[in-house]
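Peer 1: let's see this in three dimensions:
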Amino acid sequence: MEENGVETVRLQFTDITGTLKSIAVTPAKFARLREESFFVDGSFLAGRDGEDGVELMLKPDPSTFTVLPWKSQPGNVARLLCSLYQEDGTLFAEDSREVLRQAERRAAANGYELSVRPECEFFLFHSDDDGRPTVVTHERAGYLDAHPIDLGENARRDMVRTLEEMGVEVEASRHEISPGQHGIDLKPMGLMEAADGIVTFRSAVRSVAKRHGLHATFMPKPLGDAEGSGVHLHFTLCKDGKNVFAGEEKGSFSEEAAWFAGGLLTHMKAMAAVSNPLVNSYKRLVSGTKAPTELCWSSRRENSLLRIPPVRGTRTRVEFRGADGSANPYLLLALCLEAGLDGIAQRIEIREGESLGRLPENLGTAIACFREDAFVKKILGEPLWRRYGACRQEEWLDYERQVTAWELREYLYRY
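Peer 2: This next block holds a predicted model:
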C-alpha cells in the first residue's frame, strides 16, 4: 500500500443482481483485517428484497488488488474484490463469487477448465449540465466507422488504456452498429477472472465516460429504434491442456462441443432470468429481428442463440450470444459452465439448426421458467435461488403496475 501511495482502500463486492457495492477503509484498518475482520449489513444483498439483521464478513481477494487509475483528490485509491462470509467464519452460500468458485471446483474435479472471451457492448450518451444521463448522442457513426465519424473513439481508447492499467486485458475495441454504440472485447481468461474482469470493466467504462462528459450505459435496449447491447461469451473447454471442442479431423469440431451446446440450449429458458434479468432485456430480444432469440445452434445463422464459429483446431469455441450487460457475471458463468458440462455428461445431442423454441418473451415468463427448474435451483443453492427469484419477481410486478407513455398516447383520447 505504502509503495503505491495508497491513502484509501475500497473493499468491493456484489449483491445477487451483480450490482457493485463498496466501502472505503484506511490502509491502517485494512492492515488489521486479519485480526479484526470487517462486517457489513447484509440487507444490501438481495437488491430490492433486502433482509435486515444479517451481518456479513468481507474477505478481500489479494489477486484482485489494483490501484484505480482515476482519482478526484490527492492520494491513490486501491481496490480489492471481496468474498462474503458468515459471522462464524463459514462461507456464505448466497455469495455470487462463491457460487462460481464451487462450480469451477466441481469442473476441475472432473479435469475440466472452461475459459471465456467476453465481448461487451454499451452506449455512450451525453450528460446534461447537472451531470444527469440523457439518451442524446450527436454522432451518426455505424459499425466499424473511424474517427472523425466515430466521435467516441478518444473515450474508448481511454477506456482500453484504463482497463489495461487495472489488469484487465483487452483484445479489441470498435464502434458498433448504432450511433453512440461501442464494443470492447476482453482477452480469453478463466471464469472467475472473467467475472471479476466484467465487474471491473463496467466500473471503469462508466468512470472514464464521466471524465469525458458522457454517460456509459449497459442497459440492453435504451433506444427503441436502435440496436440493443449484449454480451457475447466465447467458451473454450480444456482437459489435460487440450481444447475439448477441437475435432480430430481438419475443419471439424468434437461431439463434446455439440453436447456442450446442447446442455446450454436445454437449460437456457430457466437461465434467462439470470442472463437477461431486466424488464428491458426483452425489448432487445424480439422475434423477427437479428436478435439471438432462437434456441438453436449454428455456424452462421444470425438469430441463433449459440454459434460454433467456423474457426477450428485449437481455436474451436462455442459462442453464447444472448446475455446482456445487466447480468450478474458470477451467476451467469457458473450456470453456463454447469449447463454445458451437463450436456456433455448426458450427451445431449441437438442437430445444427434444430430449434427448441425461443427464449422467454418477457421477464415474467423467464422468472416462471427459473422457478420451475430443479437444475438451476441445485446450482445456485436453494437460499440464493429463492431470494433471486423473489427479487426479480418484485421488479416484474412493479413494472406491470406502471402505465406507460405509449398506453396514454394510444388509448387516452380513443377510449
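
Peer 1: would you map the strands across the stretch 1-150 of the chain?
Peer 2: Along the stretch 1-150 of the chain, counting by DSSP state E, counting those that start in this stretch, strands occupy 6-14, 20-25, 39-41, 55-60, 66-67, 76-85, 112-126.

Peer 1: what angle do the first one and strand 76-85 make?
Peer 2: What that stands for is strand 6-14. Angle of strand 6-14 versus strand 76-85, following axes from the mean of the first three to the mean of the last three CA atoms, to 10 degrees, is 30 degrees.

Peer 1: give me the mean pLDDT for strand 6-14.
Peer 2: Average pLDDT, strand 6-14: 94.

Peer 1: check which helices and strands the host helix or strand of K210 sits against.
Peer 2: K210 is part of helix 191-211, with elements assigned from DSSP states H and E. Judged by 3 or more CB pairs under 8 Å, 6 or more residues apart in numbering; DSSP states H and E, the packing partners of helix 191-211 are strand 20-25, helix 96-109, strand 112-126, helix 153-165, strand 181-186, strand 214-217, helix 329-346. For glycine as for every other residue, the C-beta is placed from the backbone atoms N, C-alpha and C.

Peer 1: which one of those lies closest to E319?
Peer 2: strand 112-126 (8.9 Å; CB to CB).

Peer 1: could you list the buried residues of that closest one?
Peer 2: 112-125 (16 or more other CB atoms under 10 Å).

Peer 1: for these, which one is nearest D145?
Peer 2: Checking these against D145 by CB to CB gives L124 as the nearest, at 13.8 Å.

Peer 1: what sits against the closest one?
Peer 2: T137, G152, A155, G180, Q181, H182, A209, L214, H215, A216 (CB atoms under 8 Å, 6 or more residues apart in numbering).

Peer 1: which stretches of the stretch 251-400 of the chain have low pLDDT?
Peer 2: Across the stretch 251-400 of the chain, nothing is flagged by pLDDT under 70.

Peer 1: can you list the domain ranges for this protein.
Peer 2: For the chain, automatic domain parsing gives the domain ranges 2-92, 102-400.

Peer 1: hey, which of those domains is tucked in deepest?
Peer 2: Compared across the domains of the chain, domain 102-400 shows the largest average neighbour count, a mean of 19 (mean count of other CB atoms under 10 Å).

Peer 1: so how far is it off the chain centroid?
Peer 2: How far domain 102-400 lies from its chain's middle: 6 Å, per CA atoms, centre = their mean, to the nearest Å.

Peer 1: tabulate the helices and strands packed on helix 191-211 in a markdown table, adding columns for distance to Y411.
Peer 2: As requested, the helices and strands packed on helix 191-211 are arranged in a markdown table below (distance: least, CB to CB, whole Å):
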| stretch | distance to Y411 |
| --- | --- |
| strand 20-25 | 40 |
| helix 96-109 | 41 |
| strand 112-126 | 30 |
| helix 153-165 | 41 |
| strand 181-186 | 32 |
| strand 214-217 | 30 |
| helix 329-346 | 38 |
